[in-house]
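1. Got a predicted model here, sequence first, then my questions.
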Amino acid sequence: MMRLLVFGPGYTAARFLAGLPGSAGVEVTLVRSRAVEGALTLDSAELPAAIAGATHILSSVPPASEDGADPVLAAHGAALAAAPAGWIGYLSSTGVYGDADGAWVDETAPVNGRRAGRLAADQAWAALHPAARVFRLPGIYGPGRSALDRLRQGSVARIDKPGHVFSRIHVDDIVAAMVASLTRGAPGIYNVSDDLPAPGEVVTAHAARLLGLPVPPLQSLESASMSPMGRAFYAECRRVANGKMTRELGLELRYPTYVEGLAACLSEMQP
């Protein structure tokens with residue numbers, strides 16, 4: 001039986017739990033940031049035993065802040081390093097690569113991301129355990145969390161910045177990669193991204209047309225009403241290569257571009 005311990009079951013991890021094959025034979029223990037019935041917290045007395053008894057461990061918990069420590073490793077790093085689990089997964093970010101001026105980056109590319117906390121956590125999880133898999137994820141979208149939803153909720157800025165592209169991935173393809181890694185591929189780092197990095201303004205325009213809405217006008221980054229985090233996003237440009245994922249995990253993407261992915265999201269949207 002698989003005994004799966006999950007730290008921080010957020011959007012992607014919850015989808016992973018729902019997509020596990022043979023879930024009837026999976027015993028799941030959840031660890032949340034606050035007390036919730038049926039789940040542990042990082043300071044639960046039962047957690048060390050749960051770590052020692054888990055066959056599989058997943059963390060989707062980000063660092064506490066841009067420069068902060070990983071709360072899971074800070075509390076239980078030694079126990080996790082000594083765990084007998086045969087599979088340990090960590091959901092990281094392709095932001096660790098920093099700005100590549102539009103070039104392709106694979107798992108061998110240097111990491112110099114602007115968020116020191118995320119970078120430190122990525123490297124710490126990769127070195128933590130012989131069974132560790134670090135999944136570096138770009139922009140995640142899926143049902144309830146896509147350009148379609150943002151457009152239906154209000155206006156969306158389309159930034160006119162020629163040459164700026166970014167990579168993305170449908171949540172179900174993340175799940176497929178994670179599930180494949182349970183039985184295929186060596187431990188290590190995997191970029192999990194689709195095949196077509198594209199400008200955000202192109203994706204937003206396509207989403208608007210799918211919804212039958214007016215395409216929001218282009219505007220400059222300087223004139224857009226955006227958060228500092230949003231502006232920082234446009235300071236970096238890279239294309240994320242997924243060759244290792246497809247080779248070692250034998251994965252064929254269900255949604256190789258945003259076109260197929262948004263169409264699937266649209267089919268799941270509530271009227």
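-> That came through, no problem.
2. Going by C-alpha atoms from here, please, whenever you check contacts or count neighbours.
-> Will do.
3. could I have the particular helix or strand that has L210 in it exported to PDB, CA atoms only?
-> Take DSSP states H and E as the rule and L210 turns out to sit in helix 200-211. This file holds the C-alpha atoms of helix 200-211, laid out as PDB (Å, rounded to 0.1, in the frame of the first residue of the first chain):
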ATOM      1  CA  GLY A 200       0.800  36.700 -22.200                       C
ATOM      2  CA  GLU A 201      -1.100  39.200 -24.300                       C
ATOM      3  CA  VAL A 202      -1.500  36.600 -27.100                       C
ATOM      4  CA  VAL A 203      -2.900  34.100 -24.600                       C
ATOM      5  CA  THR A 204      -5.300  36.700 -23.100                       C
ATOM      6  CA  ALA A 205      -6.500  37.600 -26.600                       C
ATOM      7  CA  HIS A 206      -7.200  34.000 -27.400                       C
ATOM      8  CA  ALA A 207      -9.100  33.500 -24.100                       C
ATOM      9  CA  ALA A 208     -11.200  36.600 -24.800                       C
ATOM     10  CA  ARG A 209     -12.200  35.300 -28.200                       C
ATOM     11  CA  LEU A 210     -13.100  31.900 -26.700                       C
ATOM     12  CA  LEU A 211     -15.500  33.700 -24.400                       C
END
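4. Which positions in it come out as buried?
-> Applying a neighbour-count criterion of 16 or more other Cα atoms under 10 Å, one finds 200-201, 203-208 buried in helix 200-211.
5. packing partners for that helix?
-> helix 147-153, strand 158-159, helix 258-268 (3 or more Cα pairs under 8 Å, 6 or more residues apart in numbering; DSSP states H and E).
6. nearest residue to R115 other than its sequence neighbours?
-> E66 (4.9 Å; Cα to Cα, 6 or more residues apart in numbering).
7. circling back: and after the helix holding L210, which helix or strand comes next?
-> Using DSSP H and E, the helix or strand that follows helix 200-211 in sequence is strand 218-219.
8. Give the pairing partners of that following strand; include direction for each.
-> According to DSSP bridges, strand 218-219 forms sheet pairs with strand 158-159 (parallel).
9. where in the stretch 101-250 of the chain is pLDDT low?
-> Counting by pLDDT under 70, the stretch 101-250 of the chain contains no low-confidence segment.
10. all strands of it, in order?
-> Remark: strands of the stretch 101-250 of the chain, listed N- to C-terminal, are 104-105, 132-137, 139-141, 158-159, 168-170, 188-191, 218-219, 239-240; assignment by DSSP state E, counting those that start in this stretch.
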